[in-house]
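>>> sequence plus predicted model, see below.
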Amino acid sequence: MTSPKASVRNAVTKASILTPTNLEELQWDLQETQLAIARRAYELFEARGCEHGHDWEDWFRAETELVRPVSYITSEKEDCLSVRANVLGFEETELKAGVEPHRLIILGKKELATNLPEQPTTKPGEWTPDQVLQIIELPTEIDPSGVVIELKTGVLSFELPKIAVKQLLGQAHAA
């Protein structure tokens, strides 16, 4: 018989397999986030009295306010590229991942709780954005149809099969 602690530990470490999001749908969601950043950057511009010359500063500040940074690492083998991204705090249902031959898109938005207290309980400096947006340019071409995406304990893992060199050479000769 397993202990209750072991059952909880196994439930927590269980991995979820994600299906890549349709790229057209993902582009709409991506555009929504980018427009929110642009609106906030413009608000910052107006708050400064419409003083020009700070557009990048406004944009980066807006991103910082609205989108949580995603750290990631990549590793490469002969036939596969692996990417691990930190999306701690996001559930499977709150994440979308798009896969293209030369890039990955990670988009996440926290579902808002319906029973929030009227007064925020966070202290200044403790608040973090409820969204993630990360576009990762890949160093080599991959086959999007063979991708495996897994979420486990706050880490979104991508196993990306590379396009075989022979396949690329065959396409070059056919052209």
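Okay, I see it.

>>> L138: neighbour count?
Number of residues near L138 (other Cβ atoms under 10 Å) recorded here: 19. No exception for glycine: its C-beta is placed from N, CA and C like everyone else's.

>>> from here on, count from 137
Fine by me, first position is 137 from now on; the one you just mentioned is L274.

>>> for the closest residue to it other than its chain neighbours, what are its contacts?
In this structure, L274 finds its nearest non-sequential neighbour in H238, 5.3 Å apart by Cβ to Cβ, 6 or more residues apart in numbering. Neighbouring residues of H238 by Cβ atoms under 8 Å, 6 or more residues apart in numbering: E273, L274, E277, I278.

>>> continuing past whichever strand or helix holds D194, what's the next helix or strand?
Using DSSP states H and E, D194 sits within helix 191-202. Counting by DSSP H and E, the next helix or strand C-terminal to helix 191-202 is strand 208-212.

>>> run through the bridge partners of the residue positioned nearest the centre of the chain.
Against the mean C-alpha coordinate of the chain, by Cα atoms, centre = their mean, the closest residue is I242 at 2.4 Å. Here I242 sits in beta bridges with A233, Q270, as judged by DSSP bridges.
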